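# Next input, structure requested:
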Amino acid sequence: MSTRKPFPQLLLAAALSLSAAATVAAPAVYEIDPAHTFPSFEADHMGISVWRGKFDRSSGEITLDREKQTGSVNVVIDTASVDYGLDAMNTEARKDTLLDTTKFPQATYKGTLADFRDGAPTRVKGELTLHGVTRPVDLTIRRFKCIPHPLNKRELCGADAYGDFQRDAFGIDAGKDYGFDMTVSLRIQVEATRKP
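Predicted coordinates for the structure are as follows:
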């Protein structure tokens with residue numbers, strides 16, 4: 001007596017096998033944790049000191065395909081949440097001479113993960129949209145690590161990424177006539193949890 005499966009059953013088994021393989025190979029999607037993600041920056045003050053600030057509200061997603069060594073980053077920043085640690089400076093930063101948060105309530109950073117080493121990306125090739133202007137801004141990833149989340153047991157990934165840009169290229173040139181250096185150092189500290 002033959003033990004061979006009928007042809008329709010073989011087709012079904014093959015389809016299920018391909019579906020399972022596609023599921024395994026699909027990129028993982030991670031939701032940015034706003035309680036552990038605070039994009040920050042450093043900017044010159046007349047060449048005599050460096051002002052530092054951060055944004056208190058951000059959101060977004062990260063995708064990661066370890067097998068193909070690819071991925072993407074999408075960070076959305078609430079510009080009105082700018083925080084220098086000084087209320088008067090926060091008010092100034094929200095005005096139209098700087099961030100103009102009424103007209104441009106969001107800034108975004110979108111990019112592609114690149115230059116993987118030992119399974120981890122070391123660079124982001126991306127674009128920053130700020131003050132209604134989009135320009136290329138690449139980031140160097142100095143730390144990238146994934147662990148099981150100690151509470152919800154889902155995978156948790158974190159990174160620290162750095163890069164520089166010229167703020168006058170985004171139409172933010174306040175203080176340029178007084179000798180302010182237009183270079184801004186951007187640092188994106190991010191943690192993201194894998195979606196179920």
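
# Neighbours of His149, how many?
As a burial measure, His149 scores 15 neighbours (other CB atoms under 10 Å). Placement of C-beta: from N, CA and C, glycine included.

# Correction: the previous question concerned Lys95.
Residues near Lys95, counting by other CB under 10 Å: 12.

# Now do it, the pLDDT please.
According to the prediction, Lys95 has pLDDT 97.

# Return the residues in contact with the nearest residue to Gln166 once chain neighbours are set aside.
Take Gln166 and drop its neighbours on the chain: the residue closest to it by CB to CB, 6 or more residues apart in numbering is Met182, 4.8 Å away. When contacts are counted by CB atoms under 8 Å, 6 or more residues apart in numbering, Met182 touches 44, 166-169, 173, 176.

# Which among those residues count as buried?
Applying 16 or more other CB atoms under 10 Å to the contacts of Met182, the neighbour count classes 44, 167, 169 as buried.

# List the buried residues of the host helix or strand of Leu186.
Taking DSSP states H and E as the criterion, Leu186 maps to strand 183-194. For strand 183-194, the buried set under the neighbour-count rule, 16+ other CB under 10 Å, comprises 184, 186-194.

# got a list of contacts for that strand?
Contacts for strand 183-194 (CB under 8 Å, 6+ apart): 28-33, 36-44, 61-62, 75, 109, 128, 137, 139, 149, 152, 154-167.

# Could you list which of those belong to strands?
28-32, 40-44, 61-62, 75, 109, 128, 139, 155-166 (DSSP state E).

# All good on my end, thank you.
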